[in-house]
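predicted structure and sequence below. I'll ask about it afterward.
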Amino acid sequence: MQKLLIVIPAHNEEASIVPVVMDLIENYPQYDYVVVNDGSRDKTAALCRQNGFHLIDLPVNLGLAGAFQTGLRYAAEHDYDCAMQMDADGQHKPEYIAEMLAALEEGNDIVIGSRFLTVKKPKTLRMVGSYIISWSIRLTTGRAICDPTSGMRMFNRAMVQEFAENLNYGPEPDTISYLIKNGAKVKEVPVKMGERTAGQSYLTLWRSVQYMVKMSVSILLIQWFRKRDTETPYPERSL
């Protein structure tokens, strides 16, 4: 089995972080994890320390991209073979980790836990955005991704290194599209996700619309001008 690190970005998740991490500790001890507290203003960091969780405590809020990249730098510096993004709100189910890891070991660079590989998307305004992003990726890469907005993703060592060493590598559909265009092999694995166990998502209806527009414009236009640098990482700074 490859050495896997589960990266859990957390921003103001005091109501859910303990059961999410305890589930991993008690039921999936074969996997390592680290919580990246993204400048939370609540008790997220305090609860992690109180329970002895593995924690990287960022002093300011960097956003999901910054928190995730911090976790992947940690994975790269501690010689993990692969890393996985898991939400701190309880929606991502660790029971699918083994299947995703098996798909990675088949030779894929990125494995996505997909809600819609075998199930049709509901006809909601938010899912309209998902359809448009999927269409944008297919138009620009020729590759169909059924659930481009899924945050349940796993990356092999080469991808971990690339995310860790380069700027502008957020865990978003436009970066996945960009990597596909540059030869990355991506596979989706069917998963079921739960509802948020506590707290409130920052993705309001308006923010969801903004996100859809931003991702679509980035995939269709901006990514064509993006330059890939796998040789020159930004200055080293150990965690």
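Great, that's in hand. Numbers count the residues shown, from 1 in each chain.

tell me the contacts of Phe53?
Contact partners of Phe53, counting by CB atoms under 8 Å, 6 or more residues apart in numbering, are 21, 35. For every residue, glycine as well, the C-beta is placed using N, CA and C.

can you name the helix or strand that Ile112 falls in?
Counting by DSSP states H and E, the secondary-structure element that holds Ile112 is strand 110-114.

and that strand, which strands flank it?
Strand pairing for strand 110-114, using DSSP bridges, gives strand 153-156 (antiparallel), strand 186-190 (parallel).

in JSON lines, list those strands along with distance to Glu77, mean neighbour count and mean pLDDT.
JSON lines is the format used below for the strands paired with strand 110-114 (distance: least, CB to CB, whole Å; neighbours: other CB atoms under 10 Å; pLDDT from 0 to 100):
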{"stretch": "strand 153-156", "distance to Glu77": "15", "mean neighbour count": "24", "mean pLDDT": "98"}
{"stretch": "strand 186-190", "distance to Glu77": "25", "mean neighbour count": "19", "mean pLDDT": "97"}
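
strands of this structure, residue ranges please.
Using DSSP state E, the strands assigned to the chain run over residues 4-10, 32-38, 55-58, 82-85, 110-114, 153-156, 186-190.

closest to Pro171 out of these?
Pro171 lies closest, by CB to CB, to one member of those: strand 82-85, at 5.5 Å.

could you pull up the mean pLDDT of that closest one?
For strand 82-85, mean pLDDT is 98.

and that strand, what's buried?
When neighbours are counted by 16 or more other CB atoms under 10 Å, the buried residues of strand 82-85 are found to be 82-85.

any idea which of the residues you listed is the one closest to Phe68?
Comparing every one of the buried residues of strand 82-85 with Phe68 (CB to CB), the shortest separation belongs to Gln85, at 6.1 Å.

partners of the spatially closest residue to that closest one that is not a sequence neighbour in the sheet?
The spatial neighbour of Gln85 that comes closest, neighbours along the chain excluded (CB to CB, 6 or more residues apart in numbering), is Arg153 at 5.0 Å. Under the criterion DSSP bridges, Arg153 forms beta bridges with Gln85, Ile112.

quick check, Arg153 in contact with Pro171.
Yes - look at Arg153 against Pro171 with CB atoms under 8 Å: they come within range, at 6.4 Å.

which neighbours do the two share?
Common neighbours of Arg153 and Pro171, counting by CB under 8 Å, 6+ apart, are Gln85.

do you know how far the closest residue in space to Gln2 that isn't next to it in sequence is from Tyr131?
Spatially, and ignoring its direct neighbours in sequence, Gln2 is nearest to Asp81 (3.9 Å; CB to CB, 6+ apart). Between Asp81 and Tyr131 the computed distance is 34 Å (CB to CB, to the nearest Å).
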